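*Asks:* Below is the sequence, then the predicted model.
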Amino acid sequence: MDSEELNDRIVKLENQMSVLKILLPQFIDCFHLIKELLRPLPQAEATASASAPKELDVGSNGRPVSNDGPSDAPDVEELNPVIPKIVARREEDRNNKRIAKLEEKLRLLQGLDGIEDLSYYAKFQVPETFKMPKFNKYDSSGNPIVHLNHFMMKMARHAENAPLMILAFQYSLTGPALQWFFMRRVHMLDTWEEVSDAFLLQYKFNADLAPARDDLRRAEMKRGESFGAYARRWHSLAAQVWPALSDKEMTDLFVRTLPLEYFIRMIGCDTFPNIVMVGERIEGAIRDGQLAA
């Protein structure tokens with residue numbers, strides 16, 4: 001689950017709570033109306049009806065139905081259109097509450113003091129043939145989604161062994177991220193899904209700070225920077241943009257960031273490698289005095 005999905009789910013939950021607050025008075029009115037319809041007849045009418053008892057059939061909905069004809073009383077479902085909507089949202093609300101429960105669980109775990117009982121580690125079952133992979137280390141900087149995907153690909157064969165996944169995850173962390181993992185007692189969570197969600201919630205701001213298209217448009221070649229070095233630097237930023245750029249969009253954006261002496265000579269260059277090759281030739285010609293800067 002990525003950070004955008006988590007944010008969307010939280011926003012949806014807030015919107016649903018607002019809708020329920022608006023619809024709650026309607027639900028209460030429907031309840032009172034149903035209560036009035038089901039109230040027993042007055043004593044006088046009850047006495048009159050006792051002298052001429054009538055047989056009642058039970059309808060498909062379980063309520064008595066008079067033999068004289070269809071009842072004019074409105075159906076409960078018609079009186080309360082809110083109930084089907086609440087039922088439809090129940091499953092989605094249950095999933096959204098998982099985030100709140102996770103944060104509460106982390107708060108409770110963080111309240112524990114000292115070193116936990118060593119019996120806690122007895123639940124970790126490490127296969128005899130297991131060899132710890134070499135992970136890229138996450139130090140609290142960089143995109144957490146990329147790091148999590150890298151870790152899960154390395155551990156794909158053991159994805160069903162949640163305790164092992166949790167145990168191995170600490171070896172992919174370093175510095176502040178590793179301190180967070182233990183200080184917040186993330187390693188004591190019960191499932192790998194809870195651990196991965198907690199990791200994304202903690203470092204989602206790094207994903208939000210990933211380069212965007214506007215950052216690529218504002219890029220420019222630094223003084224003393226070679227054309228090839230600038231092209232590689234710009235291309236590494238472009239690779240982090242999501243949604244990914246098409247080849248044409250990438251070449252168009254890059255050419256527009258170039259100094260004028262390069263820009264006017266890039267006509268006909270339709271691929272990034274071609275632009276780099278032509279740019280380095282232009283750079284050499286300017287350095288040799290064959291072209292004016």
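*Replies:* That came through fine. Model, not experiment: these values are computed from the prediction. Residues are numbered from 1 along each chain as shown.
*Asks:* What pLDDT is listed against residue 5?
*Replies:* Note on residue 5: pLDDT of 72.
*Asks:* ok, now how distant is it from residue 248?
*Replies:* With distances defined as Cβ to Cβ, to the nearest Å, the gap from residue 5 to residue 248 amounts to 29 Å. Every residue, glycine included, has its C-beta placed from N, CA and C.
*Asks:* likewise residue 212?
*Replies:* On the measure of Cβ to Cβ, residue 212 and residue 248 end up 18 Å apart.
*Asks:* what do you get for residue 262?
*Replies:* Between residue 262 and residue 248 the distance is 19 Å, computed by Cβ to Cβ.
*Asks:* the more surrounded of these two?
*Replies:* Residue environment comparison for residue 262 versus residue 248 gives the larger neighbour count to residue 262, 20 against 10, counting by other Cβ atoms under 10 Å.
*Asks:* which SS class is the more buried one?
*Replies:* At residue 262 the chain is in helix, as set by DSSP: H, G, I helix; E, B strand; the rest coil.
*Asks:* Tell me if I'm right that it and residue 279 touch.
*Replies:* Yes. Shown here, residue 262 and residue 279 form a contact pair, counting by Cβ atoms under 8 Å, at 5.7 Å.
*Asks:* got any residues that touch both of those two?
*Replies:* With contacts taken as Cβ atoms under 8 Å, 6 or more residues apart in numbering, the residues that reach both residue 262 and residue 279 are residue 227.
*Asks:* If I look at residue 198, what pLDDT would I see?
*Replies:* According to the predicted model, the pLDDT of residue 198 comes to 94.
*Asks:* Sorry, wrong one. I was asking about residue 260.
*Replies:* Model confidence at residue 260, expressed as pLDDT, equals 93.
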